[in-house]
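Participant: curious how this folds, go ahead:
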Amino acid sequence: QVQVVESGGGLVQPGGSLKLSCTYPRSLLDYYTIAWFRQAPGKAREGVSGIDSSGGSIGYADSVKGRFTVSRDNAKNTVHLQMTSLKPEDTAVYYCAAAARTSLLSSWSNPDEYTYWGQGTQVTVSS
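Facilitator: A predicted model of the protein is given here:
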């Protein structure tokens with residue numbers, strides 16, 4: 001069973017920053033598209049950002065553009081999500097997911113496209 005593992009969540013004040021990390025098994029997921037999703041209580045799972053296997057193609061949800069930055073370091077088997085200017089509405093459980101393709105498709109924010117999921121990390125934005 002392939003595991004992807006998220007870390008870096010926590011409590012932060014509005015306007016603050018957090019950096020999430022997603023680690024994955026090397027040699028397999030170096031060739032996979034990785035995406036970040038989030039799910040708030042009572043809401044559907046939402047695609048936040050996606051990145052292709054090379055890190056050259058990236059997508060963001062409109063709600064996080066200009067505030068979140070995704071990056072990938074295959075040498076360290078890690079994808080990061082740098083979150084800045086956080087808002088209370090960013091509060092959610094954040095998940096890392098992997099899809100068995102090298103390219104980032106226009107459907108990258110569809111959860112059904114992803115095979116492997118982490119357990120999630122809680123991000124709470126509150127004063």
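Participant: so how far is S127 from Q13?
Facilitator: 5 Å (C-beta to C-beta, to the nearest Å). For the C-beta atoms, the positions are set from N, CA and C on the backbone; glycine is no exception.
Participant: and the spatially most central residue of the chain, what pLDDT?
Facilitator: Nearest residue to the geometric centre of the chain (C-alpha atoms, centre = their mean): W36, 2.0 Å. Here the pLDDT value assigned to W36 is 98.
Participant: you'd agree it is up against S71?
Facilitator: No - look at W36 against S71 with C-beta atoms under 8 Å: they stay out of range, at 11.4 Å.
Participant: what do those two both touch?
Facilitator: V79 (C-beta atoms under 8 Å, 6 or more residues apart in numbering).
Participant: quick one: V12 and V123 touch, right?
Facilitator: Yes - assessed by C-beta under 8 Å, V12 is found in contact with V123 at 7.5 Å.
Participant: overlap in contacts of those two?
Facilitator: Joint contacts of V12 and V123 (C-beta under 8 Å, 6+ apart) are L18, L86.
Participant: quick one, helices of this protein?
Facilitator: Shown for the chain, no helices are assigned by DSSP state H.
Participant: gap between the closest residue to Y94 other than its chain neighbours and Y31?
Facilitator: Among residues not flanking Y94 along the chain, R38 sits closest, at 4.8 Å (C-beta to C-beta, 6 or more residues apart in numbering). According to C-beta to C-beta, R38 stands 25 Å off from Y31.
Participant: looking at those two now, which is surrounded by more residues?
Facilitator: R38 (24 against 14; other C-beta atoms under 10 Å).
Participant: identify the bridge partners of that one.
Facilitator: R38 has the following beta-bridge partners by DSSP bridges: E46, Y94.
Participant: might you report the residue contacts of it?
Facilitator: So R38 contacts R45, E46, V48, D90, A92, V93, Y94, Y95, V123 (C-beta under 8 Å, 6+ apart).
Participant: repeat the analysis, applying 10 Å as the threshold.
Facilitator: 20, 45-49, 61, 63-64, 81, 90-95, 120-121, 123 (C-beta atoms under 10 Å, 6 or more residues apart in numbering).
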